[in-house]
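Visitor: Got a sequence here, can you build the structure:
(2 chains)
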Amino acid sequence: MRAVFATGSLRARLVVQLLVVAAVLAVLLYFTVRSTADRAAEATQDAILGAATVSIAEQLRGGDGGVEVDLAYATFSMLGAVGQDRLFYRIDIGGETVTGYDDLPVPDVRPASLAAVFYTTPYLDTRVRIAAVARSIIVDKGPVPVLVLVGQTRQGQAAIADQLANRAGLIGLGFFLLAVPLSLLSAGSVFNPINRLAEAVGRRGPRDLRPVRHPAPSELAPLIGALNGFVARLRGTLSQTETFIAEAAHHIRTPLSTVRSEAEIALRQSTDERTRVRLRSMIRGVEASSRSASQLLDHAMVLYRSDQLEGVAVDLCQITRSLARAFGPTAELREVTLLVEGDAAPLCVLGDALLIESALRNMVDNAIKYSAVETEVRIVLATDAGMVRVEVCDQGRGLSGAGLTELSGRFTRGGNVGDVVGSGLGLTIVTEVAAALGGRFELVERDTGGTCASLFLPQL
Amino acid sequence: MLGGCDVIAPLASATIPVKADMNLSRRRVGEVSLRFLLVEDSAELARPVRDLLALDGHGVDWAATLSEAQDCLNAARYDLILLDIMLPDGDGRQFLQAQRRLGHDTPVIVMTARAAVSDRVDVLDSGADDYITKPFDFAELEARVRAVLRRRGGAAQTVRRYGDLLFNPLTATVTIDSDVRDLRNRELRLFEILLGAPGQIFSKDQLCDRLFSYAETVSDNAIEVYVGRLRKKLVGSLARIETVRGLGYRLTGG
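Guide: As a prediction, the model looks like this:
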C-alpha cells in the first residue's frame, strides 16, 4: 500500500479522491431526498386520511334505537384521488363492528377523541396505513363509544416518493458526472505550478547552478527550498573539486620544482660521473611525474567539459597561431622549426576553446617531442569538405607500424618512444576531444619518415 | 633575511667559477647580465632559481610577497619579472593587472603551478608576456626569457664584448669585424656557457647536460658536432674554442 502511495500519479490520486467524494455526496443526496419525500408524502396522505376518518365519524348520527351511518361517496373520492390504492374501513359502535372489515386491526392505543391516531400495519396481503378516531354518540339517552378506522394501501404514496427519489438520484448522477471533468480540471490546475516549475528547472543550461527563483504556490516552497539547498551543495562540491585540483597541482608541482632546480644546480656543480647519472635520472623522474600530473588533470578536464558541452564559435586559426607562438621557445630549444601554413583568416568551428586548445597542444607537443634535432614541424590549416583540418606533421621517428587505435588507449604508448618522457594520455585526449566535438582524428606515418596528425572539426 | 631586495652575490660554492670580480648589483657596460625580480613565496624554490640565474651571471632580487615585490619595483628597474601566482598576500595575476594599469611594462613571465588550460589563458589575459609551468627545465626558462626580451625589443646592455667580437644573445648573433653571423639555438647556448666562464674547462658531459634535454638520448659525438659548428662561426676572431685533451673545451682569446 505504501508503495502504491509512494509511486503512481498524484494527479490520478487526487482525481480518484475527488470522484469518491462526489459519489458519496450523490448517494447521500439520493437517500436524503428519498426519506424526506417519503415523510412528506406520508404526512400529506395522513392529513387526507385523518380528515376522511374524522368526516365519517362526524357524520354518525345517534338516535333512539340505533346509529345512522352515512358513508358519503365524496369522502372516499377524496381518498381515491390518490392512485389505485384500496380502501378499508371499520366502524365499531359500543365495541361491535357494525359495518366494514371487522378484522381490520385496531390501534394499540385507542384514540380518545376525534384527534386521529395513525399507524401502519400488515393487513391481508399488504401493508395499510390506518387512521383511527373515537367519539361518543348518544343512543337511547346514553353515550355509546364509537371507533372509526379508515385504512388505505400506500402504492400511490410510494410511487410519488419513488418518483421524487429517482429524480434526486438522477440529479446526483448528474452532479457526479459533472464532477469528473471538474475534478480533472482542478487536479490540472493544482499540478500546473509543479509542471511549470519542472519546465523552468528543465530549461536551464547544464552549467546554470543559480538558485531557483520561479514564482510558485506556498505549498511548493519546501520543495524549492530543498532543490536550492541541493543546487548549493552541488555548486559547493564542484567548486571544491576545481579548487582541490588546482591546489593539488600547486602542492605537487612546487616541491617538484624545488627538487628539479636543486638537482639541476647539483648537476652543474658535480664532476663525479656516478652522481651525475643519478641526478639525471632524478630530473627525468621529476619530469615524468609532472607531465603525468598535467595530463591527468587535462584528461579529467576534457571528460568533464565534454559531458556538458555548450558550443560556441571558436577561431581555430587564432588558437593554432597563439599555440605555435607559445611553443616557439620549446621548439627552438630542440632546434626544431615550427611553421604554420594557411590563411590567417578566421576559421571557425563550433566547440569549446579549452577542449580544442588541449587537443592541439597535445598534437604539437608530441610532434616537437618526437622530432629529431634540426627538423621541421609543419602545422597546416585548411578546409576540407565542410570540415576544418589542422594537420601537424613532423619529421620524427614515426609510429613503427602502430595504429591510432592502439595508441589512443589510455596509458598506452608506442613501441618506439625510446626514452622520451610521456604519460600515454596525449592521444587519448585528442581522440576524446575530436569525438566530443563531432569531428575525427587521424594519425598516419609519412612515407618520407615522420608522422602526420590531423584533427578534423565541422566548419561553422 | 627571507626575501627582500638584497641582490644576492653569485654562488661562492660554485665549482664552476664565476668571475671573481663580478658584482651583480651594478651592471657593467658590456656584461651579459640581466636583472631579474623573482616573486616566489617558497624559499626552497626561490633559492635554486636564484642560484641558477646567478650561475649564469644574472642579478636576482627575490620578493616572497607582493608587498615586497612592490618595494623592489619602487626601488629599482628590472629587465624581467618572474612572477608566481599564489602568493601569501594575494593573487599574482591581480598584481600584474594593477602594474599594467599603472603603465609599468616590465616584461613578466608567470611561473605557474596550475597547468590547466584555463589558467594559462587567464595568465596571458592579465598581461603576462609568457608563462612557464612548474617544474620547469631551466633551459626552457632561459629560452622563454630570451624570446620575451627579443619580442620586447630587448635591452641594449645585453650585447657583450669578448675580445674582438660582439655577442648579442637576444638576436643570437656574433659580430666580428662588422660581419654579423647568426647562431643557431644550440650554438648560441654553447657559446653562452663558455662565455659565462672564459678559460674554464667544461667537460663534454657538463656541456651535454646543459645543451640537451634530459629526456633525449645524445650520442657521444653530439657535442663535437656543435663545437665544430661554433668554431666555424667564430672564424676570423681572436676568440677560440680550445680542445683540452681528455678534459673538455674552453674559450680563450678574450
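
Visitor: switch to C-alpha atoms for all contacts and neighbour counts from now on
Guide: Noted.

Visitor: for B:Val110, what are its contacts?
Guide: Counting by C-alpha atoms under 8 Å, 6 or more residues apart in numbering or on different chains, B:Val110 touches B:82-85, B:123, B:128-132.

Visitor: for the residue of chain B found nearest chain A, helix, strand, or coil?
Guide: Of all residues in chain B, the one sitting closest to chain A is B:Pro135 (3.9 Å; C-alpha to the nearest C-alpha). At B:Pro135 the chain is in coil, as set by DSSP: H, G, I helix; E, B strand; the rest coil.

Visitor: restrict the contacts of B:Val110 to contacts with chain A.
Guide: Restricting these to those touching chain A (C-alpha under 8 Å from any C-alpha of the partner chain) yields B:Asp130.

Visitor: Cross the contacts of B:Val110 against helices and list the overlap.
Guide: Among the contacts of B:Val110, DSSP state H puts B:Val123 in helices.

Visitor: Quick one, which of the contacts of B:Val110 are buried?
Guide: Buried subset of those (neighbour count, 16 or more other C-alpha atoms under 10 Å in any protein chain shown): B:82-85, B:123, B:128-132.

Visitor: of those residues, closest to A:Gly415?
Guide: B:Ile132 (30.1 Å; C-alpha to C-alpha).

Visitor: In contact with that closest one, which residues?
Guide: B:Ile132 makes contacts with B:109-112, B:141, as judged by C-alpha under 8 Å, 6+ apart.

Visitor: And B:Leu96, by the same measure?
Guide: Residues counted as contacts of B:Leu96 (C-alpha under 8 Å, 6+ apart) are B:126-128.

Visitor: what about it, helix or strand, and which?
Guide: Using DSSP states H and E, B:Leu96 falls within helix B:92-101.

Visitor: Now do that helix: distance to the chain's middle.
Guide: 24 Å (C-alpha atoms, centre = their mean, to the nearest Å).

Visitor: send the alpha carbons of it over as PDB?
Guide: C-alpha atoms of helix B:92-101 as PDB (Å, rounded to 0.1, in the frame of the first residue of the first chain):
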ATOM      1  CA  GLY B  92      49.900  37.400  -8.800                       C
ATOM      2  CA  ARG B  93      47.600  38.000 -11.700                       C
ATOM      3  CA  GLN B  94      45.800  40.800 -10.000                       C
ATOM      4  CA  PHE B  95      49.100  42.300  -9.000                       C
ATOM      5  CA  LEU B  96      50.200  42.100 -12.700                       C
ATOM      6  CA  GLN B  97      46.900  43.700 -13.900                       C
ATOM      7  CA  ALA B  98      47.400  46.600 -11.400                       C
ATOM      8  CA  GLN B  99      51.000  47.100 -12.700                       C
ATOM      9  CA  ARG B 100      49.900  47.200 -16.300                       C
ATOM     10  CA  ARG B 101      47.100  49.600 -15.500                       C
END
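
Visitor: if we can go back for a sec, got a markdown table for the contacts of B:Leu96, with pLDDT too?
Guide: Below are the contacts of B:Leu96 laid out as a markdown table (pLDDT from 0 to 100):
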| residue | pLDDT |
| --- | --- |
| B:Ser126 | 87 |
| B:Gly127 | 90 |
| B:Ala128 | 92 |
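
Visitor: With distance to B:Gln97 as extra columns, can I get the residues you listed in JSON lines?
Guide: Conversion of the contacts of B:Leu96 to JSON lines gives the following (distance: C-alpha to C-alpha, whole Å):
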{"residue": "B:Ser126", "distance to B:Gln97": "5"}
{"residue": "B:Gly127", "distance to B:Gln97": "6"}
{"residue": "B:Ala128", "distance to B:Gln97": "9"}
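
Visitor: Mind giving me the packing neighbours of the helix or strand where A:Gly156 lies?
Guide: If you go by DSSP H and E, A:Gly156 is part of helix A:155-202. Under the contact criterion of 3 or more C-alpha pairs under 8 Å, 6 or more residues apart in numbering or on different chains; DSSP states H and E, helix A:155-202 touches helix A:10-58.

Visitor: need the next SSE after the helix it packs on, C-terminal direction.
Guide: Next along the chain after helix A:10-58, taking DSSP H and E as the criterion, comes strand A:61-63.

Visitor: Contacts made by stretch A:94-101 with the rest, please.
Guide: Under the contact criterion C-alpha under 8 Å, 6+ apart, stretch A:94-101 has outside partners A:88-92, A:144-146.

Visitor: State the pair within those that is farthest apart.
Guide: The most distant members of these, if one measures by C-alpha to C-alpha, are A:Phe88 and A:Val144, lying 22.9 Å apart.

Visitor: Can you list the buried residues in the helix holding B:Leu96?
Guide: So helix B:92-101, judged by 16+ other C-alpha under 10 Å, has buried residues B:92-93, B:95-97, B:99.

Visitor: Count the neighbours of the closest residue to B:Gln94 other than its chain neighbours for me.
Guide: In space, and not counting its chain neighbours, B:Gln94 is closest to B:Ser126: 7.4 Å by C-alpha to C-alpha, 6 or more residues apart in numbering or on different chains. Burial measure for B:Ser126: 16 neighbouring residues, criterion other C-alpha atoms under 10 Å in any protein chain shown.

Visitor: what angle do the helix or strand containing A:Val150 and helix A:10-58 make?
Guide: Using DSSP H and E, A:Val150 sits in strand A:142-153. Angle of strand A:142-153 versus helix A:10-58, following axes from the mean of the first three to the mean of the last three C-alpha atoms, to 10 degrees, is 150 degrees.

Visitor: Direction included, what does strand A:142-153 pair against?
Guide: If you go by DSSP bridges, strand A:142-153 pairs up with strand A:87-93 (antiparallel), strand A:126-139 (antiparallel).

Visitor: Whichever residue of chain A sits closest to chain B: what secondary structure?
Guide: Of all residues in chain A, A:Ser257 sits closest to chain B, at 3.9 Å by C-alpha to the nearest C-alpha. The three-state label given to A:Ser257 by three-state DSSP is helix.

Visitor: and the closest residue to it other than its chain neighbours, what is it in contact with?
Guide: For A:Ser257, ignoring the flanking residues on the chain, the nearest one in space by C-alpha to C-alpha, 6+ apart is B:Pro135 at 3.9 Å. By C-alpha under 8 Å, 6+ apart, B:Pro135 lies in contact with A:253-254, A:256-258, A:260, A:286-287, A:290, B:113.
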